[in-house]
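S.K.: Fold the stuff below for me.
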Amino acid sequence: QLYMPSYFLGTFTEYPYVALAFGLGMSAMSCENQKFNDVKVDVDRVHVDELSPEMIKVRDYVPEYAVIAHRGSTFWTPEETESAYRWAREIGADYLECDMQVSKDGVVLALHDDNLKRTTNIETVFGETLPREIRKNYYMKIGYSETEAEEKVKADEANFVPNLPAYYTYEELLMLDAGSWFNNENLEEALPGLAKEKQYISTLEDLIMYSKGYRLIRDRNQPGMPRQYSIVGKTGETITSLSGTADIVKYDFGYEIDPVWEAGNKNIPGIYIEFKEPWLNPKGFEQIVYDVLANTQDMNIIEKPEPEDTPFYINNGTINVGNTNGKVILQTFSLESLVRVAEVFQGKVPMCFLLWKGTGATDLTYDDPLGYASFINLGVKYKAHFIGPCIAGAPNDYPELDQPWQDYLIHRAKMKNHPYTFDTYDQMAKYFGQYNFGVADGMFNPPYLDALFTNHSDMSINYMITHGWRKSPASQTLVDAREVLRKLGYLDNN
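M.R.: Residues are numbered from 1 along each chain as shown. Below you'll find the model as predicted:
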């Protein structure tokens, strides 16, 4: 029996054509998958739709063998913080990757977990209750009378769920420390500099600014070097999310040119941003993201495209992806989000449909050629340019969805393959065909990827340079993760 959560059933009601595509795919897989038993024959028997010439043009906005810094880095730094993204930019990643959620007051967050306990100190700052006085003062700050503020706090308390980002204003989220946990859990990779420079839950605007060579403006004379910001006020619009309906509030964040960036290669990477499951974010979230991209550093190429001949690399290897039409890649695991993104972005911004093997409503259940092709076809139908399969191997030991024949099917559709997540040299060697999958037979030929998500951008860059996959005009200089951390001041005890 197929497990199908209630939020996905809503998709079938709202988008009956999704239900038809999904139902046909599942019935075909359940009835016919036993007929497929010779992969080399079956990969050419199954029907695979192909990208149109217009979609291929957008696909090729992205450089070949791009290094995608997953959450900045989950190994060297606290993920999705300023330290992670500054490190990834300086190490030479082509893309800075993030997950997206939204605060109660409409600030788009760069944040993976839907529970703040793992990566912040929320338990000690707020406990399990709504921060009543802080919330009341916030409402008065954005223009409500004391009586009105008190009534709004009571309404918030009645609907409050602790630790979920959508139930906190961004001002409240700024009170959390998003970096100390990393030192506590990673003694060998602990960064002394985090003790003096507080790490914050990042916003999508932060991510964009980091990619452009900026860092946060901080009061460097105060403990923790707090970031500088102000609340401008209500925009006049509202947002309806898990926490109810709330005013969208405009914040003014301070940024300055990063001196480490200015003294270095001046890399400008792109960003690779994930739409989470639709129940987690408000309806219309795709349009909110569209608008943030349009209003921040001209990141929305639909509104302001770049010259088509802009190079990915300049000046002996400086990353320039963030100045090309490939500056933003969208991604999602969710079929419903895929449909919604297609409606808003129209296939005009590069998009990746991520795959996971499991029993969830939109997980790939049957990973035979017929089942795999059905998900590729959904990707083509709803305007994805890339498929992002999970890879096997330690330390994550994900299911294997990037076998040579699966890579072959992706390319049959004229899509490209962006697998996740690389953590080890062995994984690099395997999927680039150095061993394990490295027996080319004229049909399934390595590498079994066109770009890659990695927690170790340093390792991935060095592997590709050493083995000839990262070629000039990309930099040919090997990188040193700890040296970059030192330059950024994160290894400094003083």
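S.K.: Glu54: what's it in contact with?
M.R.: Residues near Glu54 by Cβ atoms under 8 Å, 6 or more residues apart in numbering: Gly347. Backbone N, C-alpha and C define where each C-beta goes, glycine included.
S.K.: Could I get the full set of helices for the stretch 1-150 of the chain?
M.R.: 6-14, 16-32, 39-45, 53-59, 82-91, 122-125, 132-141, 146-158 (DSSP state H, counting those that start in this stretch).
S.K.: repeat for the stretch 151-300 of the chain
M.R.: Counting by DSSP H, counting those that start in this stretch, the helices of the stretch 151-300 of the chain are 170-173, 180-185, 204-211, 259-263, 285-295.
S.K.: ok, and which of the ones you listed has the densest surroundings?
M.R.: Among those, helix 204-211 has the highest mean neighbour count (mean count of other Cβ atoms under 10 Å), at a mean of 25.
S.K.: follow-up on the earlier one: export the helices of the stretch 151-300 of the chain to a markdown table and tack on mean pLDDT and distance to Glu336?
M.R.: As requested, the helices of the stretch 151-300 of the chain are exported to a markdown table (pLDDT from 0 to 100; distance: least, Cβ to Cβ, whole Å):
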| stretch | mean pLDDT | distance to Glu336 |
| --- | --- | --- |
| helix 170-173 | 98 | 26 |
| helix 180-185 | 96 | 32 |
| helix 204-211 | 98 | 21 |
| helix 259-263 | 98 | 38 |
| helix 285-295 | 98 | 11 |
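S.K.: Report pLDDT for Met29.
M.R.: pLDDT, Met29: 44.
S.K.: contacting residues for the spatially most central residue of the chain?
M.R.: Among the residues of the chain, the one closest to the centroid is Cys98, at 3.0 Å (Cα atoms, centre = their mean). Cys98 sits next to 71-72, 80, 110-112, 202, 204, 207, 271-274 when contact means Cβ under 8 Å, 6+ apart.
S.K.: Without its sequence neighbours, what residue ends up closest to it?
M.R.: Leaving aside its sequence neighbours, Cys98 sits nearest to Ala110 (Cβ to Cβ, 6 or more residues apart in numbering; 3.8 Å).
S.K.: quick one: the one you found from Val292, how far?
M.R.: Ala110 sits 11 Å away from Val292, going by Cβ to Cβ, to the nearest Å.
S.K.: Next: Pro282.
M.R.: Following Cβ to Cβ, the distance that separates Pro282 from Val292 is 14 Å.
S.K.: What of Val328?
M.R.: 11 Å.
S.K.: Equivalent analysis for Ala155, please.
M.R.: Taken as Cβ to Cβ, the span from Ala155 to Val292 is 27 Å.
S.K.: Also Glu308?
M.R.: To Val292, Glu308 is 24 Å away according to Cβ to Cβ.
S.K.: count of residues packed around Arg218?
M.R.: Neighbour count for Arg218, taken as other Cβ atoms under 10 Å: 17.
S.K.: need the contact list for it.
M.R.: Glu197, Met225, Pro226, Arg227, Gln228.
S.K.: do that again at 10 Å, thanks
M.R.: Applying Cβ atoms under 10 Å, 6 or more residues apart in numbering to Arg218 gives the contacts Glu82, Glu197, Lys198, Gly224, Met225, Pro226, Arg227, Gln228, Gly254, Glu256.
S.K.: Tell me the most packed of these, by neighbour count.
M.R.: Most neighbours among those, by other Cβ under 10 Å: Glu82, with 28 neighbours.
S.K.: what about Tyr95, neighbour count?
M.R.: Close neighbours of Tyr95, defined as other Cβ under 10 Å, add up to 30.
S.K.: That one against His70, yeah?
M.R.: Yes. Assessed by Cβ atoms under 10 Å, Tyr95 is found in contact with His70 at 9.5 Å.
S.K.: Need the residues touching each of those two.
M.R.: Common contacts of Tyr95 and His70 (Cβ under 10 Å, 6+ apart): Ala88, Tyr272, Phe453, Ser457.
S.K.: tell me which of these is nearest to Val46?
M.R.: Nearest to Val46 among the shared contacts of Tyr95 and His70, counting by Cβ to Cβ, is Phe453 at 26.3 Å.
S.K.: you'd agree the closest one is up against Gln427?
M.R.: No. Applying Cβ under 10 Å as the test, Phe453 and Gln427 come out as separate, 11.1 Å apart.
S.K.: Which of the two has more residues huddled nearby?
M.R.: Phe453 (27 against 24).
S.K.: That one falls within a strand, correct?
M.R.: Yes. Following the definition DSSP: H, G, I helix; E, B strand; the rest coil, Phe453 is counted among the residues of a strand.
S.K.: Got the phi and psi for the nearest residue to it once chain neighbours are set aside?
M.R.: Excluding the flanking residues, the one nearest Phe453 by Cβ to Cβ, 6+ apart is Tyr420, at 3.7 Å. Dihedral pair for Tyr420: phi -140, psi 160, per degrees, to the nearest 10.
S.K.: how close does Ile231 sit to Arg71?
M.R.: Distance from Ile231 to Arg71, by Cβ to Cβ: 27 Å.
S.K.: again, but for Pro78
M.R.: To Arg71, Pro78 is 9 Å away according to Cβ to Cβ.
S.K.: Next: Asn295.
M.R.: From Asn295 across to Arg71, the span is 24 Å (Cβ to Cβ).
S.K.: Kindly report the same for Thr119.
M.R.: Distance from Thr119 to Arg71, by Cβ to Cβ: 10 Å.
S.K.: Could you tell me which residues touch both of these two?
M.R.: With contacts defined as Cβ under 10 Å, 6+ apart, the residues shared by Thr119 and Arg71 are Pro78, Glu79, Glu80, Thr81, Leu111, His112.
S.K.: Format those as a markdown table; extra columns: neighbour count and distance to Glu336.
M.R.: Shown next, in a markdown table, are the shared contacts of Thr119 and Arg71 (neighbours: other Cβ atoms under 10 Å; distance: Cβ to Cβ, whole Å):
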| residue | neighbour count | distance to Glu336 |
| --- | --- | --- |
| Pro78 | 26 | 31 |
| Glu79 | 29 | 26 |
| Glu80 | 29 | 24 |
| Thr81 | 26 | 29 |
| Leu111 | 26 | 20 |
| His112 | 18 | 19 |
